[in-house]
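**Q** coords please:
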Amino acid sequence: MAPLSQLRQVSQNRTRAEPVEIWKARKFIEAHSAEELSLSKVAKAAGISPNYLSEKFKQVTGINFVDYVAHARFEKASELLHDVDLRISEIAFAVGFQSLSQFNRVFKKLSGKSPTQFRAERGRPGWT
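**A** Now for the predicted structure:
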């Protein structure tokens, strides 16, 4: 799975191989990642059917829709964890996760560390 930063690099240099609808979908996800996102909502924003989005999204980006959304939220959370004034639970909900346990699970899967460990390794208190 490629990090979102690598995927973002591709988005800034959109190639002809990427359909404009998929580019629109990715941009919508990045702009609205803190909101509740469904395949249908993103497909509508991109002007395509949910089935087409699901199929093409993985072909073009290399990861499925759900994983891409998780990466987008993870990237934003990683940045916010540097702010000592924000609690981990506040960050989880601010970036779009529906629960703290979901956030912890996704964060650990993508970084190999819990949000608390991630913050502590950067000299930040790990309070939740």
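**Q** When you work out contacts or count neighbours from here on, use the C-alpha atoms and nothing else.
**A** Noted.
**Q** For the closest residue in space to Lys113 that isn't next to it in sequence, grab the count of nearby residues.
**A** In this structure, Lys113 finds its nearest non-sequential neighbour in Phe107, 7.0 Å apart by CA to CA, 6 or more residues apart in numbering. Neighbourhood size, Phe107 [other CA atoms under 10 Å]: 23.
**Q** in which helix or strand would I find Phe107?
**A** Taking DSSP states H and E as the criterion, Phe107 maps to helix 100-111.
**Q** Using CSV, list the CA coordinates for that helix.
**A** The C-alpha atoms that make up helix 100-111 are tabulated as CSV, following Å, rounded to 0.1, in the frame of the first residue of the first chain:
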residue,chain,number,x,y,z
LEU,A,100,-11.6,6.2,18.9
SER,A,101,-11.1,2.4,18.6
GLN,A,102,-11.5,2.6,14.8
PHE,A,103,-8.9,5.4,14.8
ASN,A,104,-6.5,3.4,16.9
ARG,A,105,-6.9,0.3,14.8
VAL,A,106,-6.4,2.1,11.5
PHE,A,107,-3.5,4.2,12.8
LYS,A,108,-1.6,1.2,14.1
LYS,A,109,-2.2,-0.7,10.9
LEU,A,110,-0.8,2.1,8.7
SER,A,111,2.0,3.3,11.0
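**Q** how distant is that helix from the center of its chain?
**A** 12 Å (CA atoms, centre = their mean, to the nearest Å).
**Q** Give the other helices and strands that it contacts.
**A** helix 65-80, helix 88-94, helix 115-120 (3 or more CA pairs under 8 Å, 6 or more residues apart in numbering; DSSP states H and E).
**Q** Let me know the average pLDDT across that helix.
**A** For helix 100-111, mean pLDDT is 97.
**Q** one step back: these two touch, right, the residue nearest to Lys113 and Gln117?
**A** No: assessed by CA atoms under 8 Å, Phe107 is found out of contact with Gln117, at 10.6 Å.
**Q** Next, count neighbours for Val66.
**A** The number of residues packed near Val66 is 12, by other CA under 10 Å.
**Q** again with Gln102
**A** Burial measure for Gln102: 12 neighbouring residues, criterion other CA under 10 Å.
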